[in-house]
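*Asks:* coords below, sequence missing:
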């Protein structure tokens, strides 16, 4: 029978560190405001995604779609490589259940009534925090607190806050690990995506005779499975059984019987190649390339023009024709820039823009509406168009056609 080297280090501190880091980041990100704007927030009112210093308008959401696809494929990629490590180490559901278990352990010695009251208050506090944290990704936190204090949160935000808090409270009070065992679809997806080389927890089959049958691994498992029965869908790869077994055998001067493994080695000692993970890795690289191309070719500014609301057309005594327009400028960069509007030359015509079309200062990620007039001489024919150019730093950054009305 093979020997097991003694290993004293535990998985728990690493797992708890990952949970704390993930939780703190999730809570803090809405409060990080470089340049006065949230680091990550979907502003439904302006249909704008604040994404790490950039403002993505709704017409640029194709970039967001690529990011979402990357997250989905990255999720599957990580699942194929590391199994349900996400469930045991990073999932908010596991973190919430751990916090509920932690509080229960510390109130176990109290009399029944105060113990029950304190636990319900703890559940309510966690539920309120989770619900508020979700809303902070749609409403700026300072604005959120101001609206709550004034009782003007709004119907949609208020219903979302209350519904999320209710769902989380029910989860903490009545569901917890049952969700992981029987409801969560991720475990089922993981079974479909598993390969021989996927990371799993394994009870070493060659050491069954060494097992003391103390049951420490079963007692430590949050989903109540027996890892000695082999891979099971309820296993969330948290490593608690590994720590429990290692603690028992450390007193005997040997290592535990449970370990993480990327699949059994072949006859030549090599590890199996995870072909599905390689395929998904290729898809991820392709999406990353598309995202880089989309960002690199992203226009520095946009220009949209429409006829003035009055639709007025003026004929001047010198034979000129004047049309009125409104231009909408957007600076998509993060820095303030100066812009100028210019009309492209038109052979045989004198083309002139009248209005505040020069030295237009726009802050980063800012919009501005400009009213101006187009003056043409001699009188143009019907259906003519003039090209309007948006210039910054001596370079044309956007263009738009100006349809000319003659009456």
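*Replies:* On my side now, so go ahead. Owing to the predicted nature of the structure, the values given are computational and were not obtained by experimental measurement. Residues are numbered from 1 along each chain as shown.
*Asks:* And the longest helix along the chain, what's buried?
*Replies:* Longest helix in the chain, counting residues (DSSP state H): helix 112-135. Within helix 112-135, the residues that count as buried by 16 or more other CB atoms under 10 Å are 119, 122, 123, 126, 127, 128, 130, 131, 132, 133, 134, 135. Just so you know, the C-beta spots here come from the backbone N, C-alpha and C atoms, and that holds for glycine as well.
*Asks:* by contact count, what packs against that helix?
*Replies:* Counting contacts by 3 or more CB pairs under 8 Å, 6 or more residues apart in numbering; DSSP states H and E, helix 112-135 is packed against helix 12-28, helix 92-106, helix 155-170.
*Asks:* so which of those comes closest to residue 39?
*Replies:* Of all the helices and strands packed on helix 112-135, it is helix 12-28 that lies closest to residue 39, at 9.1 Å by CB to CB.
*Asks:* Contacts for the closest one, please.
*Replies:* Contact with helix 12-28 is made by 88-90, 92, 94-95, 98, 129, 133, 238-240, 243, as judged by CB atoms under 8 Å, 6 or more residues apart in numbering.
*Asks:* can you rerun that using 6 Å?
*Replies:* The contact list for helix 12-28, computed with CB atoms under 6 Å, 6 or more residues apart in numbering, reads 89, 90, 95, 133, 243.
*Asks:* hmm, back to that, format the helices and strands packed on helix 112-135 as CSV; extra columns: distance to residue 148.
*Replies:* Formatted as CSV, those follow (distance: least, CB to CB, whole Å):
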stretch, distance to residue 148
helix 12-28, 17
helix 92-106, 23
helix 155-170, 9
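*Asks:* Kindly reformat those as TSV containing mean neighbour count and mean pLDDT.
*Replies:* Below are these laid out as TSV (neighbours: other CB atoms under 10 Å; pLDDT from 0 to 100):
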stretch	mean neighbour count	mean pLDDT
helix 12-28	14	95
helix 92-106	16	94
helix 155-170	15	95
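*Asks:* What ranges does the protein have for its strands?
*Replies:* With DSSP state E as the criterion, the chain has strands at 40-43, 48-51, 54-57, 200-203, 258-261, 301-307, 313-315, 321-331, 337-343, 350-354, 360-362, 367-377, 385-392, 395-403.
*Asks:* how about the first one: buried residues?
*Replies:* Neighbour-count burial for strand 40-43, with 16+ other CB under 10 Å as criterion, is recorded at 41, 42.
*Asks:* model confidence over it, on average?
*Replies:* Mean pLDDT, strand 40-43: 84.
*Asks:* repeat for the second one
*Replies:* Per-residue pLDDT values across strand 48-51 average out to 78.
*Asks:* Which other helices and strands does that strand contact?
*Replies:* The contact analysis (3 or more CB pairs under 6 Å, 6 or more residues apart in numbering; DSSP states H and E) places strand 48-51 against strand 54-57.
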